[in-house]
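In: below are the sequence and a predicted model; questions follow.
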Amino acid sequence: MRERDLRGIAVVDVGYTNTKIALFSPQGELLAERKAPSLHLPEPPYKHIDPAPMVALCRTALPELDQMLPIDAIVPTAHGAAMACLDAEGQLALPVMDYTSEPPPEIVADYMKIMPGFEEALCPLLPMAITHGLQLYWQQRMLPDAFARVRTLLPWIQYVGFRLSGVAVTEISSMACQTHLLDIRAQAPSSTARRLGWDALFPRRAKAWETIGTLKDEFRGTGFRGAGRVLGGVHDSTANFMRYVCAGLDRFTLVSTGTWSISFDPSTSVDVLDPARDTNTNTDVLGRNVCCSRFFGGMEFAAVANGAPAEAASLACVAALVARGTFAVPSFTLTSGPVPDSAGKGHVTGPAAESAEERASLAALYCALMVSEQLDCITSKDDIIVDGPFSQNPVLLGLLAQLRPSQTVKASTLRDGTTAGAAALAMIEDGRLPTIGIRMGEVRPADVPGLRGYQMAWRVMAYAKR
């Protein structure tokens, strides 16, 4: 949409923890934000997401923000690990599964017999119920009568757009984010989706920036001034990546951090991907495969820090930990990340880290090592841009720069990259991305004595058979 035709852009960002609505100007400036907690409910029939708080926030916040600046475009974005199953009336035929649900072992075993191979899906089967294909298989097996009423399958991202506009679509970044629903190279339904008949339930595919409909009256309040065009929407991590592409960057590796640490490298060949090291692809809004690697960065940091705040870390303390041989060995969550078969085996060896400074310093050192492994998984060679919470940790950044001496590490000052990237979609005209500047600071490498030898010893322990 041409900038001169735009007034306000509202991004509806439905995260796992919070839902927020952010109002942007046509130049990409964040003007206001409203937020509400996301709601997760326990069984039965499984842990699930209640969309009611998202709907309630849209009813109140969209008319309010429209009074600040008329909202002409609304961009849905959300985490990419849930599906909405709609009946013939457009109601939920089944609760939207929470991806932290634990499927029965027999369901997982049976799904593994029919799931698409890595060469087709370009992603491994993920733990819990993160993989969309496993979610649907579990629902179909456990609740066959309810599943038989399903007429439309929507990524959670596009369910947000459907709820706002009444129009059901799919979108490439949402369908391709480690779902097992697509043959990634062909960008067509996967063999599993075809075999189980799910492909017949996918609505048409729209572009992320395409207007799919207009905002329903229930979300307009009184005196809504904007055009209220609802766009196709985008996977949240991909929106964040696209924000850097809109800054004119081409060859770079983005380390996007938060609950997950996800590294994106558009220059990496899919031939290097290894399912044992949690590598995969995301497909960007233009249909390009972007190689990724990841681990549960935020949760792993918290597990090692054990309550210590990140700002308690210091390079002097890191140097002491290195000198005395205190190691945090992966992995502390039920995901292995770049270190195969390490899930749940995390432990600290050597003299214990006791004070808050020591625990925070060890967590920064551990996560710098894990991020470096992530980068090796996708053969990162260009500048490294870190955003999210890790970009605000100078100890971690300095260590990463020391571990990657042939690359320049930069810390992004961008906040709310997901909403900013989603807002940029409203500025796309004829498939051409807008150009929006971004601020980054170059990181000075740390100078911790013995770090290289420590990394080599850590790798021996990390990759040892246990």
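Out: The structure has been received and is ready for your questions.
In: G28 sits in which helix or strand?
Out: Element membership for G28 (DSSP states H and E) is empty, with no helix or strand holding it.
In: mind listing what it touches?
Out: Listed by Cβ atoms under 8 Å, 6 or more residues apart in numbering, the contact set of G28 reads 420, 423-424, 427, 434, 436. Placement of C-beta: from N, CA and C, glycine included.
In: which member of these is positioned nearest V96?
Out: Using Cβ to Cβ, A423 comes nearest to V96 of those, at 25.0 Å.
In: thought that closest one was touching I9?
Out: Yes. Contact status for A423 versus I9: in contact at 4.7 Å, counting by Cβ atoms under 8 Å.
In: which residue, other than its chain neighbours, is closest to S331?
Out: Closest residue to S331 apart from its sequence neighbours, by Cβ to Cβ, 6 or more residues apart in numbering: S342 at 4.3 Å.
In: picking that back up, joint contacts of A423 and I9?
Out: Counting by Cβ under 8 Å, 6+ apart, the residues touching both A423 and I9 are 24, 75.
In: mean confidence score for stretch 208-228?
Out: Average pLDDT, stretch 208-228: 96.
In: quick check: S293 vs T179, distance?
Out: 18 Å (Cβ to Cβ, to the nearest Å).
In: what of R288?
Out: Distance from R288 to T179, by Cβ to Cβ: 17 Å.
In: of these two, who's got more company?
Out: Higher neighbour count among R288 and T179: T179, with 27 against 12, using other Cβ atoms under 10 Å.
In: how many residues are close by P105?
Out: With other Cβ under 10 Å as criterion, P105 counts 8.
In: also R432?
Out: When neighbours are counted by other Cβ under 10 Å, R432 comes out with 8.
In: now do the phi/psi pair for it.
Out: phi -90, psi 130 (degrees, to the nearest 10).
In: quick check: bridge partners of it?
Out: E429 (DSSP bridges).
In: how close does it get to W209?
Out: Taken as Cβ to Cβ, the span from R432 to W209 is 10 Å.
In: just to revisit the earlier point, tell me the secondary structure at the residue nearest to S331.
Out: coil (DSSP: H, G, I helix; E, B strand; the rest coil).
In: what are the phi and psi angles of it?
Out: Dihedral angles for S342 - degrees, to the nearest 10 - are phi -100, psi 0.
In: burial measure for the nearest residue to W260 once chain neighbours are set aside, as a count.
Out: Leaving aside its sequence neighbours, W260 sits nearest to R294 (Cβ to Cβ, 6+ apart; 5.4 Å). By other Cβ under 10 Å, 24 other residues sit near R294.
In: may I have the phi/psi pair for R294?
Out: Torsion angles, degrees, to the nearest 10, at R294: phi -160, psi 160.
In: surely it and T333 touch.
Out: No. In this structure, R294 is not within contact of T333 by Cβ under 8 Å, at 11.8 Å.
In: mind checking pLDDT for the residue most central in space within the chain?
Out: In the chain, the centroid-proximal residue (Cα atoms, centre = their mean) is S237; its distance is 3.8 Å. Here the pLDDT value assigned to S237 is 88.
In: now the residue of the chain most remote from its centre: closest residue in space that isn't a chain neighbour?
Out: Each residue of the chain has a distance to the centre, and by Cα atoms, centre = their mean the biggest one is for R324: 36.5 Å. Closest residue to R324 apart from its sequence neighbours, by Cβ to Cβ, 6+ apart: P351 at 5.3 Å.
In: V96 too?
Out: I49 (4.4 Å).
In: what comes up buried for the helix or strand encompassing that neighbour?
Out: I49 is part of strand 48-50, with elements assigned from DSSP H and E. By 16 or more other Cβ atoms under 10 Å, the buried positions in strand 48-50 come out as 48-49.
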